[in-house]
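> Okay, predicted coordinates and the sequence, questions at the end:
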Amino acid sequence: MSGQYGGETLPGAGANLHPPHHTLLHHPHLPHHPQLCTEEDFCKDSFSFGVDEDEEDEDEEDMARALDTDKPRILLMGLRRSGKSSIQKVVFHKMSPSETLFLESTNKIYKDDISSSSFVQFQIWDFPGQVDFFDPTFDYEMIFRGTGALIFVIDAQDDYMEALGRLHLTVSRAYRVNPHINFEVFVHKVDGLSDDHKIETQRDVHQRANDDLTDAGLDQLHLRLKEDGSGSAYDKDSLAIIKLNNTTVLYLKEVTKFLTLVLWAELCSGVPAHGVLSILQRAECCSPQRRARDRAPSSLQRKTGCV
Ligand SMILES: Nc1nc2c(ncn2[C@@H]2O[C@H](COP(=O)(O)OP(=O)(O)OP(=O)(O)O)[C@@H](O)[C@H]2O)c(=O)[nH]1
């Protein structure tokens with residue numbers, strides 16, 4: 001892996017990508033939540049499968065607590081090192097892309113409560129690279145049952161055939177448990193690809209993923225990609241729109257050449273706003289009371305049905 005990523009070259013990057021700790025995960029402008037603090041706090045607020053016995057009780061309690069909530073849940077899944085934790089931390093914790101070089105591999109499921117207000121609340125669950133559906137301590141049925149959206153991350157710089165196999169397994173299992181899950185495929189790490197190669201990769205992933213589903217008799221399940229390849233990666237039409245339920249809609253957009261996604265909303269003002277806080281605040285504009293006060297819907301509002 002190159003040491004350059006996110007526009008900055010880090011001294012020693014590449015030589016040692018995993019020093020023991022990185023800095024704060026909590027962004028001062030995000031509403032404080034006990035589950036969004038330092039790395040230590042963050043780690044405590046996780047649960048796992050296939051762990052040491054003495055950790056098991058605690059993990060089960062965490063799991064029970066996490067499942068016992070009405071908050072919409074987004075799962076981040078994909079192969080090891082595909083960039084799941086980076087997406088989560090850049091989007092929701094304002095970590096800089098270059099800092100993600102130092103992220104350690106996730107070996108537990110990390111759940112993250114995002115609570116911007118009483119109106120917009122949801123959980124992001126970041127999974128370790130290789131979820132073992134056959135591990136008896138991993139109750140995937142229970143997890144999928146309460147899931148609103150599943151984001152599958154694919155590393156575009158890697159050979160993605162294995163990722164496609166894993167995507168198929170994951171989506172077909174999840175769909176059988178809960179056909180209402182919103183599936184999103186993020187072809188990630190496109191910064192290393194030329195524009196043509198990027199579009200080609202996205203199309204190929206899309207085609208193969210849907211062909212696999214059709215072959216498995218799941219043609220009613222058509223996967224959408226974050227990018228449709230029809231225009232620039234930075235067009236606002238290339239937004240990933242994740243509807244978690246009837247009231248919460250997330251918008252994820254690739255805005256820099258290097259990484260990834262920021263939440264974006266122009267729900268009410270028509271003026272794009274970047275950053276998780278702004279979208280979460282703006283998402284509140286979608287409340288029925290607020291909508292009643294607002295004027296004619298923007299094109300994005302019409303597109304998303306959030307009018
Ligand atoms: N070039 C490039 N590298 C990225 C991008 N996003 C993440 N990375 C790097 O990819 C590596 C793996 O990122 P992680 O976020 O830890 O990946 P993960 O999927 O959570 O990995 P596991 O925890 O092992 O499942 C890190 O070194 C990141 O800096 C990107 O958009 N472009």
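Thanks, I have it.
> per-residue pLDDT, L252?
Looking at L252, its pLDDT is 52.
> Around the ligand, which positions in the stretch 1-150 of the chain sit nearby?
Contact residues (C-beta under 6 Å from any ligand atom) of the stretch 1-150 of the chain with the ligand: 5, 17, 78, 80-86, 100-101, 103, 105-106, 128-129. C-beta coordinates here come from the backbone N, C-alpha and C atoms, glycine included.
> make it 8 Å
Those residues of the stretch 1-150 of the chain that sit near the ligand, judged by C-beta under 8 Å from any ligand atom, are 1-2, 5-6, 17, 76, 78-90, 97-98, 100-107, 126-130.
> Now intersect these with the helices, please.
Secondary-structure check on those using DSSP state H: residues within helices are 84-90.
> ok, so of those, who is nearest L221?
Using C-beta to C-beta, K84 is the member of those that lies nearest L221, at 21.7 Å.
> Would you confirm that the closest one contacts I124?
No. The criterion here is C-beta atoms under 8 Å, and K84 misses it with I124 at 9.7 Å.
> which residues are in contact with both of those two?
Counting by C-beta atoms under 8 Å, 6 or more residues apart in numbering, the contacts common to K84 and I124 are L76.
> Looking at those two, which one has more neighbours?
K84 (27 against 21; other C-beta atoms under 10 Å).
> Can you give me the neighbour number for the closest residue to that one other than its chain neighbours?
Distance criterion C-beta to C-beta, 6 or more residues apart in numbering; nearest residue to K84, sequence neighbours excluded, is L76 at 4.4 Å. When neighbours are defined as other C-beta under 10 Å, L76 has 25 of them.
> hey, what's L76 bridged with?
D126, I151 (DSSP bridges).
> returning to what we had before: tell me the buried residues within the residues of the stretch 1-150 of the chain next to the ligand.
Among these, those classed as buried by 16 or more other C-beta atoms under 10 Å are 5-6, 17, 76, 78-79, 81-90, 97-98, 100-103, 106, 126-129.
> Could you name the helices and strands sitting against the longest helix along the chain?
Counting residues, the longest helix in the chain under DSSP H turns out to be helix 195-215. For helix 195-215, the packing partners by 3 or more C-beta pairs under 8 Å, 6 or more residues apart in numbering; DSSP states H and E come out as helix 161-177, strand 182-188, strand 224-225.
> make it 10 Å
strand 149-155, helix 161-177, strand 182-188, strand 224-225 (3 or more C-beta pairs under 10 Å, 6 or more residues apart in numbering; DSSP states H and E).
> Buried residues in it, which are they?
Of the residues in helix 195-215, 198-199, 201-203, 205-206, 208-210, 212-213 count as buried by neighbour count, 16+ other C-beta under 10 Å.
> Alpha carbons of it, as CSV, please.
The C-alpha coordinates for helix 195-215 follow below in CSV (Å, rounded to 0.1, in the frame of the first residue of the first chain):
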residue,chain,number,x,y,z
ASP,A,195,-11.7,7.7,-14.4
ASP,A,196,-12.2,5.1,-17.1
HIS,A,197,-11.0,2.3,-15.0
LYS,A,198,-13.2,3.5,-12.1
ILE,A,199,-16.3,3.5,-14.2
GLU,A,200,-15.4,0.1,-15.7
THR,A,201,-14.9,-1.4,-12.3
GLN,A,202,-18.1,0.0,-11.0
ARG,A,203,-20.0,-1.4,-13.9
ASP,A,204,-18.3,-4.7,-13.7
VAL,A,205,-19.0,-5.1,-10.0
HIS,A,206,-22.6,-4.1,-10.5
GLN,A,207,-23.2,-6.5,-13.4
ARG,A,208,-21.5,-9.4,-11.7
ALA,A,209,-23.2,-8.9,-8.4
ASN,A,210,-26.7,-8.7,-10.0
ASP,A,211,-25.9,-11.7,-12.3
ASP,A,212,-25.0,-13.8,-9.2
LEU,A,213,-28.3,-12.9,-7.6
THR,A,214,-30.3,-13.7,-10.7
ASP,A,215,-28.5,-17.0,-11.0
